[in-house]
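Enquirer: the sequence and its predicted three-dimensional model are supplied below.
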Amino acid sequence: MRLLLLVLLAGSEDFLRQTPGANAPSDLDRWRADEKPEGVKPYPDAPPGTPNPPDGLYRYGGRGRSSYAPPTLGEPFEKWRARMEKQRPSVDAAARKVLESRFELKCRTAPGLTMSRGKLQPLGPTAKLPKGVKSWEEYAALGADAIARRDDFPFRPLDHPLQSTAHMLFPQVWTVAHPEHERFDVGFDIPGCFLPEFPPAMYLTTHKELGDVTRGVEVTYGNYFELFNGLLTGEQMEGLRLLVTPFQTTWFNSTHHRVTAAPSQGVACFSCHVNGHTNGAIELAPDTRPNYARLRTDTPTMRGNWALLIYSSKRSIRSMDHFAEVEEYFDGDTAMLAAIGGRTLDKPQTNRMGDFNSILDFPPAPKLDALNRLIKGKATEVELRGEALFEGKAKCSGCHPAIAQFTDNSMHDLQVERFYAGRPEGPVKTFSLRGIRDSPPYFHDGRMLTLEDTVLFFDLLLGTQLTADERADLAAYLRAL
């Protein structure tokens, strides 16, 4: 019994300090002293509400003080709220400054280029050409090492506007309809032009003949039964009910540990994945600690999840019901969940959520055949040239094979840090490109505001040396998917 106790205590920092010879540096002390991540600075202490460092969090690395956050504020709620409201203008201005330093935020569109329900798609590229070069082709020819030395790569990681507090942050189009989700500490940074349409369409694999089954209505707890009675099985209906049910979260709840003026009923899965798609809300990936190490994540669509074998961005979760079970209402912090409570689902419930998720379909793509190749009689010459580039020179199909719904169901480390001095982000899963025109902004953190920016990013990343015309052809093809 004593031996078992020693084994259990062996991983404890306190135990290491209290054993014989504790006055000498412990192995843990020596290990921490040796932790000096190359090329990055150690994370600073940042209690909730601390504004972001101006030089970007991608320049920091290492460990934090703890894996857990306290479920209390450490100060009276009214003091917390007043302090956050006072600093919010400067926090919002800093986030806007980051975007304006990298991108032209003027909204450009073209007649006929719309999302599924008619919102005009944003056109790019919006990335600002760095000073001293005349074209993106000239910039690409510099190579990764030279670009890193210049320190002007426009597609560096994008932080949460208030990363120390983090959690769900909703765009204005959502908070206008749902003012209960307006935060007093920080506002959404990306302009509405570069976000999905609201409310988005919903397509079902079981009723393709109906097209958008919502007819432009946001699905909520108050209307889901009337909208879907007679279309879904009883089990699917129960899964949908749970997806539109609000549950309390880390910062949206009825306690003082919140970022809303009034006590909150919480959020539903469909608060971010509205109508099974996305409204562009952001969070931080719950994969790691400290908070400053977590990647900003743009809400992905749930459309076409039936074609995917892995879920989440970095952890390779292997089933829809498992993902429904661990959906990060508490940022992966089980201590916070135990203290605040409000979302404890059992296996049958998460299975039903997964069952409904599994019938959400991609939007129609009338120019694609049964194997996801362009139909020559329907596609334009520009789109056909784009498809040839996608399959060849641009190297897109290596990770986004058409036959597999444009995803290889794998994870890849793109090593973007080659282009800037900072912390590696590691492998991220390959998202499907079907219906991609409906899901701006792009990449896991939304750092590419348009499809043109996305094409430009991967041209720089992969060294494919595309011309401006070739990049335009490739973007046109992606819009046909």
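Expert: In hand now; what should we look at?

Enquirer: this structure: strands as residue ranges?
Expert: Under the criterion DSSP state E, strands of the chain are mapped to 41-42, 60-61, 282-284, 296-298, 411-412, 428-429.

Enquirer: which of those sits closest to E391?
Expert: Nearest of these to E391, taken as CB to CB: strand 411-412 at 18.3 Å. Where C-beta positions appear, they are placed from N, C-alpha and C, glycine not excepted.

Enquirer: the closest one - contacts with which helices or strands?
Expert: Judged by 3 or more CB pairs under 8 Å, 6 or more residues apart in numbering; DSSP states H and E, the packing partners of strand 411-412 are strand 428-429.

Enquirer: what strands line up against the strand it packs on, and which way round?
Expert: Using DSSP bridges, the neighbouring strands of strand 428-429 in the sheet come out as strand 411-412 (antiparallel).

Enquirer: can you tell me what sits against the strand it pairs with?
Expert: Among residues not part of strand 411-412, those counted as contacts by CB atoms under 8 Å, 6 or more residues apart in numbering are I310, K314, S316, C399, P427, V428, K429, T430.

Enquirer: any chance of those in a markdown table, with pLDDT, neighbour count and distance to L449 too?
Expert: Compiled in a markdown table, these are given as follows (pLDDT from 0 to 100; neighbours: other CB atoms under 10 Å; distance: CB to CB, whole Å):
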| residue | pLDDT | neighbour count | distance to L449 |
| --- | --- | --- | --- |
| I310 | 83 | 17 | 26 |
| K314 | 71 | 19 | 22 |
| S316 | 69 | 14 | 28 |
| C399 | 97 | 18 | 21 |
| P427 | 92 | 15 | 24 |
| V428 | 90 | 20 | 18 |
| K429 | 90 | 22 | 21 |
| T430 | 93 | 20 | 21 |
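
Enquirer: I'd like the residues you listed as CSV, with distance to R418 appended.
Expert: CSV is the format used below for the contacts of strand 411-412 (distance: CB to CB, whole Å):
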residue, distance to R418
I310, 25
K314, 19
S316, 24
C399, 18
P427, 15
V428, 15
K429, 20
T430, 19
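
Enquirer: for these, which one is nearest E100?
Expert: V428 (26.0 Å).

Enquirer: ok, the closest one - contacts?
Expert: Listed by CB under 8 Å, 6+ apart, the contact set of V428 reads S313, K314, M411, H412, D413, L414, H444.

Enquirer: tell me the contacts of H160?
Expert: Shown here is H160, whose contacts under the criterion CB under 8 Å, 6+ apart are N52, A166, L169, I282, L284, R296.

Enquirer: and the first one, how far from H160?
Expert: As for N52, its distance to H160 is 8 Å (criterion: CB to CB, to the nearest Å).

Enquirer: got it, and the third one?
Expert: Noted for L169: a distance of 7 Å to H160, by CB to CB.

Enquirer: shared neighbours of the two, anything?
Expert: I282.

Enquirer: pull the number of nearby residues for E383.
Expert: If you count neighbours by other CB atoms under 10 Å, E383 ends up with 21.
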